[in-house]
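Colleague: Predicted model follows, preceded by the sequence.
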Amino acid sequence: MAALVVYKGRPALAVEKGDRLELTLPDGARVRVRPKDVLWLHPGPASLELNPPEGEEEAAWELLQGQVVDLKDLAELARQRGSLRLVRDGIRLIRAHPALRRIVALSVLADPLPYALLFLFQPYYQLAGTPAALYGLSSAAAAALGALGARSAFGLERRLGALRAFVLANLLPVAGHLAMAGLAGPYLAPLLFLMTYGAMQIRYPLIAALQNRHIASYNRATTISVVSMLEGAHALAMKLVAGYLADIDLRLAFGFLALVPLVAVIRFPLKVEQLESQELSAVEGSDDPRNDD
């Protein structure tokens, strides 16, 4: 592991070789020196491909006024402040662009919550009188159908068009939950569960592709992380409510899991032009005519 040092006013990578240091200079040359001949900057691992991430050095300096810290701590604080700026940019981007706002709203509110279904299908089978032997088989079949659903997403988009495929991918789980709310017979219940779970997986590749099309690459990961945090908070609240309703009546839980995504699809409809690729940046003005609803 190479450390970062300064040697004769130039950066270098240092590796211990006995009682000496072997330095790699920016031009690729290598020299051996005594440890006292260099100024140590960072213990490593380090690289001479100096493409530093964006940071807020002045903000970090203001926070540290009156304190003495080493270069490693100063660089880490500046990097963290830069990360906070990326988060702010991600939130600003979502707020500034109506098309992306709708996509995020649907991503969060129309999430069919497959993990909730995996917890509910066993009491559902019990109410339907499904033989116990089908419980484990259903779990394995659900995983296989989920993978098949995810793989078929873009094929469905090519056949139906982006808008119809996206709407269908969000409405199929709603229909599945509503069918399960009506309960079913011992062998129809597993069929409804498997079809619903498989249909849920179609939307996730489509949602991910939409987000990637609308978010500039420089802060895409951070913006998608913000969306993931919103999805996590929403999923937690939905599972708590669904669990409470399931204790009262399992049909209420399935009805609730169908109602919220259905309202989201109706409340936040997308247009064909909003599904098209248009990489957006947080620095673009929100009055851009492309962003009008």
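Modeller: Yep, that arrived. A quick note: this is a predicted structure, and the numbers were derived from the prediction, not measured. Residues are numbered from 1 along each chain as shown.

Colleague: hey, let's count contacts and neighbours off CA atoms from now on
Modeller: OK.

Colleague: what about the one helix or strand Ile91 maps to, average pLDDT?
Modeller: Per DSSP states H and E: Ile91 is located in helix 71-96. For helix 71-96, mean pLDDT is 62.

Colleague: and if you look at stretch 149-157?
Modeller: Here the average pLDDT along stretch 149-157 is 91.

Colleague: Which positions within it qualify as buried?
Modeller: For stretch 149-157, a neighbour-count test (16 or more other CA atoms under 10 Å) marks Gly149, Ala150, Ala153, Phe154, Leu156, Glu157 as buried.

Colleague: repeat for stretch 5-19
Modeller: Neighbour counts using 16+ other CA under 10 Å place Val5, Val6, Tyr7, Pro11, Ala12, Leu13, Ala14, Val15, Glu16 of stretch 5-19 among the buried residues.

Colleague: what element comes up after the helix holding Ile91 heading to the C-terminus?
Modeller: Assigned by DSSP H and E, the successor of helix 71-96 is helix 98-109.

Colleague: And the strands in the stretch 1-150 of the chain?
Modeller: Along the stretch 1-150 of the chain, counting by DSSP state E, counting those that start in this stretch, strands occupy 3-7, 10-17, 20-24, 30-33, 39-42.

Colleague: So which elements touch the longest one?
Modeller: Which is strand 10-17. Using 3 or more CA pairs under 8 Å, 6 or more residues apart in numbering; DSSP states H and E as the contact test, the elements touching strand 10-17 are strand 3-7, strand 20-24.

Colleague: for those, which one sits closest to Phe193?
Modeller: Proximity to Phe193 (CA to CA) singles out strand 3-7 among those, at 56.0 Å.

Colleague: domain parsing for the chain?
Modeller: 3-42, 57-87, 98-291 (automatic domain parsing).

Colleague: For Phe256, find the nearest of the strands of the stretch 1-150 of the chain.
Modeller: Using CA to CA, the strands of the stretch 1-150 of the chain put strand 39-42 closest to Phe256, at 54.7 Å.

Colleague: now for that closest one, which elements pack on it?
Modeller: Packing partners of strand 39-42 (3+ CA pairs under 8 Å, 6+ apart): strand 3-7, helix 71-96.

Colleague: circling back: from the buried residues of stretch 5-19, pick the one nearest Leu206.
Modeller: Nearest to Leu206, judged by CA to CA, of these is Leu13 at 44.9 Å.

Colleague: Asp247: neighbouring residues, count only.
Modeller: Neighbour count for Asp247, taken as other CA atoms under 10 Å: 10.

Colleague: Kindly provide the distance from it to Val31.
Modeller: Asp247 is 73 Å from Val31, where distance means CA to CA, to the nearest Å.

Colleague: again with Glu273
Modeller: Applying CA to CA to Glu273 and Val31 gives a distance of 60 Å.

Colleague: And Arg101, by the same measure?
Modeller: Counting by CA to CA, the gap from Arg101 to Val31 is 56 Å.
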